[in-house]
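S.K.: here is the input, now give the coordinates:
(one chain, ligands or ions: 1)
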Amino acid sequence: MSAPNNSHDPVEAHALNPDEVARMRAEAMEAVAAANSLDQLKEVRIAHAGDRSPLALANREIGGLPPAAKADAGKRVGGARREISEAFKTRQAELEEERDARVLVEEAVDVTLSFDPIPRGARHPLTTVAERMTDIFVGMGFEVAEGPEVEAEWYNFDALNFLPDHPARSMQDTFFVEGPGGAHSGLVLRTHTSPVQVRALLDRDAPVYVVAPGKTFRTDELDATHSPVFHQLEGLVVDEGITLAHLRGAIQVFVERMFGEGLRTRMRPSYFPFTEPSAEVDMECFVCRGASVGDPDAPCRTCSSEGWIEIGGCGVMNPRVLTAAGVDTERYSGWAFGLGIERTLMFAHGVKDMHDMVEGDVRFTAAFGMEI
Ligand code: DAH
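M.R.: So this is what the prediction gives:
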């Protein structure tokens, strides 16, 4: 004898009985109500209304029920699933509303706050270093003189005792300004600030104590240590009884104020057409103060373990220059110096590469602060 045709798995029957459906519904409703964020609600939806949720699985079993039981079970399960789906929609709307309200508060912008419409830039460190250098000499009684960047060859070379065939005049160093139709204009982009010496002397009567910071130009390629545009600080003293000792004193004061008390300076013989005698000026390395010399265990990157750093050229004024500038050489004598401003910035602030100084990246400039 075969069993009556009402056989279905007792477990399936269990999943579809009213108590069990009510339990699954209650569990889902509770989980929906407990979801506190849209993310949590999404997980609850997968667990209680997804394809593999208990009610979805129960729904699949309806097909296996005897025809008489199908309609009843279908109503029960379908009703529970609809209610759960409604509850989801309601909770979803509530949570979205809460999120929107929170975003409005958290991401609010106070449009009444004052703001700076134009982001402020920073002065270029070359400018501020040039001013500091200049101020040191102004503090010693010097005044500031200026000259043009497009300069007559006569001031840039002839008056400074550069003979017509001096190599510094050659195309390799000097930017010549072309005249109309390519003619010789007699103008150059000044290759140094020394022509300001002659202009300053022609402009005023001795005694003269001037410094002239400014831009200078040479046909160099831009690399880590060269730039076709660079800056110098020229110094000039013409007075009665002026000697090399005053020059040494002025340089010594400059170095101590700029780089630190007690640093020594020295002069090495050199040659410039406009000074006689001429010298290169070195200062003691302010990092190692000479300790790195001959000590391979403690190399100094600032002075390459030389102990000294070259900062410029100087010398006693050649009487020919004084004569060209209309100064009575019987009565007056003088000296001059030229200091590199880029070099000073490199040493004073550890700037390693010329590119940083010329590329105009405000992140480099701003790091030096807003010194006015
Ligand atoms: N004009 C020189 C140069 O550009 C630097 C210089 C050397 C300036 C000696 C001076 C000086 O006034 O006396 O290389």
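
S.K.: from here on, just use CA atoms for contacts and neighbour counts.
M.R.: Fine.

S.K.: can you list the residues of this structure near the ligand?
M.R.: Listed as neighbours of the ligand in the chain under the rule C-alpha under 6 Å from any ligand atom: 192, 194, 234, 275, 313-315, 336-338.

S.K.: just those residues: which are in strands?
M.R.: 234, 275, 313-315, 336-338 (DSSP state E).

S.K.: most widely separated two among the residues you listed?
M.R.: Pairwise distances across these (C-alpha to C-alpha) peak at 13.3 Å, for the pair 234 and 275.

S.K.: which neighbours do the two share?
M.R.: residue 336 (C-alpha atoms under 8 Å, 6 or more residues apart in numbering).

S.K.: who has more neighbours out of those two?
M.R.: residue 234 (28 against 24; other C-alpha atoms under 10 Å).

S.K.: low-confidence regions, the stretch 151-300 of the chain specifically.
M.R.: Along the stretch 151-300 of the chain, segments meeting pLDDT under 70 span 171.

S.K.: skipping adjacent residues, who's closest to the residue of it at minimum distance from the ligand in space?
M.R.: Per C-alpha to the nearest ligand atom, the residue of the stretch 151-300 of the chain with the smallest distance to the ligand is residue 192, at 4.5 Å. Nearest residue to residue 192 in three dimensions, chain neighbours excluded: residue 216, at 5.3 Å (C-alpha to C-alpha, 6 or more residues apart in numbering).

S.K.: and what about the one you found, helix, strand or coil?
M.R.: strand (DSSP: H, G, I helix; E, B strand; the rest coil).

S.K.: for residue 294, see how far away it is.
M.R.: 37 Å (C-alpha to C-alpha, to the nearest Å).

S.K.: residue 105 now?
M.R.: For residue 105, the distance to residue 294 - C-alpha to C-alpha - is 67 Å.

S.K.: next: residue 164.
M.R.: Distance from residue 164 to residue 294, by C-alpha to C-alpha: 44 Å.

S.K.: still on that earlier bit, if you count what's nearby, which of residue 216 and residue 294 comes out ahead?
M.R.: residue 216 (19 against 12).

S.K.: strands along the protein, start to end?
M.R.: Applying DSSP E to the chain gives strands spanning 143-144, 150-152, 176-178, 184-189, 208-217, 229-239, 265-272, 275-284, 308-317, 333-340.

S.K.: what pLDDT, on average, does the first one get?
M.R.: Computed over strand 143-144, the mean pLDDT rounds to 98.

S.K.: list the strands paired with it, with their directions.
M.R.: Next to strand 143-144 in the sheet, as set by DSSP bridges, lie strand 208-217 (parallel).

S.K.: pick out the most distant pair among the residues of the chain next to the ligand.
M.R.: 192 and 315 (15.2 Å).

S.K.: more neighbours, those two?
M.R.: Taking other C-alpha under 10 Å, residue 192 and residue 315 do not tie; residue 315 has more neighbours (27 against 21).

S.K.: the closest residue to the more buried one other than its chain neighbours bridge partners, please.
M.R.: Among residues not flanking residue 315 along the chain, residue 278 sits closest, at 4.1 Å (C-alpha to C-alpha, 6+ apart). Counting by DSSP bridges, residue 278 is bridged to residue 270, residue 315.

S.K.: how near is residue 278 to residue 247?
M.R.: Taking C-alpha to C-alpha, one finds residue 278 at 12 Å from residue 247.

S.K.: in terms of neighbours, single out the busier of these two.
M.R.: When residue 278 and residue 247 are compared for neighbours, residue 278 comes out ahead with 23 against 20, by other C-alpha under 10 Å.

S.K.: is it true that that one touches residue 316?
M.R.: Yes - contact criterion C-alpha atoms under 8 Å: residue 278 and residue 316 qualify, at 6.6 Å.

S.K.: for the residue nearest to residue 219 when sequence neighbours are not counted, grab the count of nearby residues.
M.R.: For residue 219, ignoring the flanking residues on the chain, the nearest one in space by C-alpha to C-alpha, 6+ apart is residue 173 at 5.0 Å. Neighbour count for residue 173, taken as other C-alpha under 10 Å: 15.

S.K.: contacting residues around residue 173?
M.R.: With contacts defined as C-alpha under 8 Å, 6+ apart, residue 173 is in contact with 191, 218-220.

S.K.: tell me the pLDDT of the residue lying closest to residue 84 once chain neighbours are set aside.
M.R.: Nearest-residue entry for residue 84: residue 29, 6.2 Å, with adjacent residues in sequence omitted and distances by C-alpha to C-alpha, 6+ apart. As predicted, residue 29 sits at a pLDDT of 93.

S.K.: surely residue 29 meets residue 87?
M.R.: Yes - counting by C-alpha under 8 Å, residue 29 touches residue 87, with 7.0 Å between them.

S.K.: which of these two has more neighbours?
M.R.: Of the pair residue 29 and residue 87, residue 29 is the one with more neighbours under other C-alpha under 10 Å, namely 20 against 17.

S.K.: please tell me how far that one sits from the ligand.
M.R.: Applying C-alpha to the nearest ligand atom, to the nearest Å, the value for residue 29 to the ligand is 88 Å.

S.K.: ok, now residue 128?
M.R.: Counting by C-alpha to the nearest ligand atom, the gap from residue 128 to the ligand is 21 Å.

S.K.: how about residue 14?
M.R.: Counting by C-alpha to the nearest ligand atom, the separation of residue 14 from the ligand is 102 Å.

S.K.: nearest residue to that residue in space, ignoring adjacent ones along the chain?
M.R.: Leaving aside its chain neighbours, residue 14 sits nearest to residue 20 (6.9 Å; criterion: C-alpha to C-alpha, 6+ apart).

S.K.: and the one you found, how many residues sit next to it?
M.R.: Neighbour count for residue 20, taken as other C-alpha under 10 Å: 15.
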